[in-house]
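**Student:** sequence? don't have it. structure:
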């Protein structure tokens, strides 16, 4: 390879060098530190905070013996499946399709209302959802007008409450992704299908969805990884309770590391969360690769 051609080849990658450096410092660095800390008995205070000792895989062995960990893992999968894969994804697609058919005023009003929840800081959204689902909250006040009994939703059905709250807060992202994707569906395809007698559901199932399948896979990957990391919303609403009934992996990691002061064990939980995210990410990337022509 000639020297000048090699130089041009190297210079081509210079614009992305700052982004690569930032990713290494602020993403890869903390991830590697978390894996390293999970192999020690590092503490938040005391002797182990100053001089942590190497314990190998002891923290991961504790995870296998901890009855809260499998519950937390199952609740995390349930939370992601309910609020991201089914909730945000399906509701976002439905809103995008309906808003495309609605009048401009209705579309703009619905879009503004949905996006308003998304732009709220997560802690503000958490307090709003807590005020809605609490025993004396808005939901029970509305149900009381119809003579229905009061339910302590955050105690009786904590996972349902946090799933619905996360769907409310995060659906706007999926809606915006699908609105952009639907604008790229060729009009002549749907018009030809309509002329051939295809109904609305048939056009959606056999024309629209296959055309935007790449956007569906991308959106699924993004909302899944975002939902895996949700902590503040759950912590504000239920703090993982009652009796660990809403303790997802991020909540468990926080409790172990900062409530009980066991940094090593907390980072072991966080490392498992990273691996779970990697599994989801790899599955979606494979799905995206299969969607390419």
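**Tutor:** Received it, and whenever you're ready, just let me know what you need. For clarity, every value in this text was computed on a predicted model and none was experimentally measured.
**Student:** pull the contacting residues for residue 167.
**Tutor:** Contact partners of residue 167, counting by Cβ atoms under 8 Å, 6 or more residues apart in numbering, are 82-83, 87-88, 91. Using the backbone N, CA and C atoms, a C-beta is placed for each residue, glycine as well.
**Student:** ok but it is inside a helix, no?
**Tutor:** Yes - per DSSP: H, G, I helix; E, B strand; the rest coil, residue 167 lies within a helix segment.
**Student:** pull the number of nearby residues for the nearest residue to it once chain neighbours are set aside.
**Tutor:** Excluding its sequence neighbours, the residue lying closest to residue 167 (Cβ to Cβ, 6 or more residues apart in numbering) is residue 87, at 3.6 Å. If you count neighbours by other Cβ atoms under 10 Å, residue 87 ends up with 23.
**Student:** got the phi/psi numbers for residue 87?
**Tutor:** When quoted as degrees, to the nearest 10, the phi and psi of residue 87 stand at phi -70, psi -70.
**Student:** report the buried residues of stretch 245-259.
**Tutor:** Going by neighbour count (16 or more other Cβ atoms under 10 Å), the buried part of stretch 245-259 is 245-257.
**Student:** got JSON lines for these, with secondary structure and pLDDT too?
**Tutor:** Formatted as JSON lines, those follow (DSSP: H, G, I helix; E, B strand; the rest coil; pLDDT from 0 to 100):
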{"residue": "245", "secondary structure": "coil", "pLDDT": "94"}
{"residue": "246", "secondary structure": "coil", "pLDDT": "95"}
{"residue": "247", "secondary structure": "coil", "pLDDT": "95"}
{"residue": "248", "secondary structure": "coil", "pLDDT": "96"}
{"residue": "249", "secondary structure": "helix", "pLDDT": "95"}
{"residue": "250", "secondary structure": "helix", "pLDDT": "95"}
{"residue": "251", "secondary structure": "helix", "pLDDT": "96"}
{"residue": "252", "secondary structure": "helix", "pLDDT": "95"}
{"residue": "253", "secondary structure": "helix", "pLDDT": "95"}
{"residue": "254", "secondary structure": "helix", "pLDDT": "95"}
{"residue": "255", "secondary structure": "helix", "pLDDT": "95"}
{"residue": "256", "secondary structure": "helix", "pLDDT": "94"}
{"residue": "257", "secondary structure": "helix", "pLDDT": "92"}
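**Student:** one step back: mind putting the contacts of residue 167 into TSV with distance to residue 170, secondary structure and pLDDT?
**Tutor:** As requested, the contacts of residue 167 are arranged in TSV below (distance: Cβ to Cβ, whole Å; DSSP: H, G, I helix; E, B strand; the rest coil; pLDDT from 0 to 100):
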residue	distance to residue 170	secondary structure	pLDDT
82	12	helix	94
83	7	helix	93
87	8	helix	92
88	5	helix	94
91	10	helix	93
